[in-house]
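K.L.:
sequence and predicted structure are below.
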Amino acid sequence: MGAPPTDKPMRADARRNYERILTVAREAFAELGPDAALEEIARRTGVGIGTLYRHFPNREALIEAVYRSNIERLSGRAYELLEEHSGATAFEYWLREQVRWVMANRSLATTLKAGMDHNSPTFTLCRSAINDAANALLEAAQQAGAVRGDIEPRDLVRLGHGIGIACETVPDAAERLIAVTIDGLRAAPGAGAAG
């Protein structure tokens, strides 16, 4: 999760520093915005500024790494859920997790994305990771005959994102909207696996 973009394996202590910097940066960006001082992030992490710069040569590299780590965690949950549950259940659980994630992280994600080049390899990788996760869930749910066949992976991402944004200030409405959405996505009885 959030591995640095390098072919060279990291020493254990360097890996710990990298992960700690990411965690603290995520918290600092959420609290102070993407302009949080890198010196403050290093101080909170308990490392020198030189250590931070060895891992992240500039603010943009740190912002991209935090964004990538966030998306990798959300995407990874899709595969964990598919291992633990039926396709239909994993699909429903992940939609709920995606909505909760959007509600909790939207302002951070928006500010991080604003600081990134949308043609960057990181942005492309993140878009691909979230779409692949949605595709895996959707395919499993459709194969089980639980979800309509005319739904596409991006639809699932858009629905979760839309509900999350709509419920950001009224979180109590989220579960109701998720339930209505899931009902609307159900395959018609007798429609078959891809129906």
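P.N.:
Looks like it arrived, so ask away.

K.L.:
which residues of the protein fall in helices?
P.N.:
With DSSP state H as the criterion, the chain has helices at 12-32, 38-45, 49-55, 59-84, 87-114, 121-143, 153-166, 174-185.

K.L.:
now these as JSON lines including mean pLDDT and mean neighbour count?
P.N.:
C-beta here means a position set from N, CA and C on the backbone, and glycine is covered the same way. Below are these laid out as JSON lines (pLDDT from 0 to 100; neighbours: other Cβ atoms under 10 Å):
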{"stretch": "helix 12-32", "mean pLDDT": "91", "mean neighbour count": "17"}
{"stretch": "helix 38-45", "mean pLDDT": "96", "mean neighbour count": "17"}
{"stretch": "helix 49-55", "mean pLDDT": "95", "mean neighbour count": "15"}
{"stretch": "helix 59-84", "mean pLDDT": "93", "mean neighbour count": "19"}
{"stretch": "helix 87-114", "mean pLDDT": "86", "mean neighbour count": "19"}
{"stretch": "helix 121-143", "mean pLDDT": "94", "mean neighbour count": "19"}
{"stretch": "helix 153-166", "mean pLDDT": "95", "mean neighbour count": "18"}
{"stretch": "helix 174-185", "mean pLDDT": "96", "mean neighbour count": "15"}
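
K.L.:
go ahead and flag the most central residue of this structure.
P.N.:
Residue closest to the average C-alpha location in the chain (Cα atoms, centre = their mean): Ile71, at 2.8 Å.

K.L.:
pretty sure Tyr18 contacts Arg11?
P.N.:
No. Under the criterion of Cβ atoms under 8 Å, Tyr18 is not in contact with Arg11, lying 10.2 Å apart.

K.L.:
so who does the residue nearest to the centre of the chain touch?
P.N.:
Shown in contact with Ile71 (Cβ atoms under 8 Å, 6 or more residues apart in numbering): 126, 129-130.
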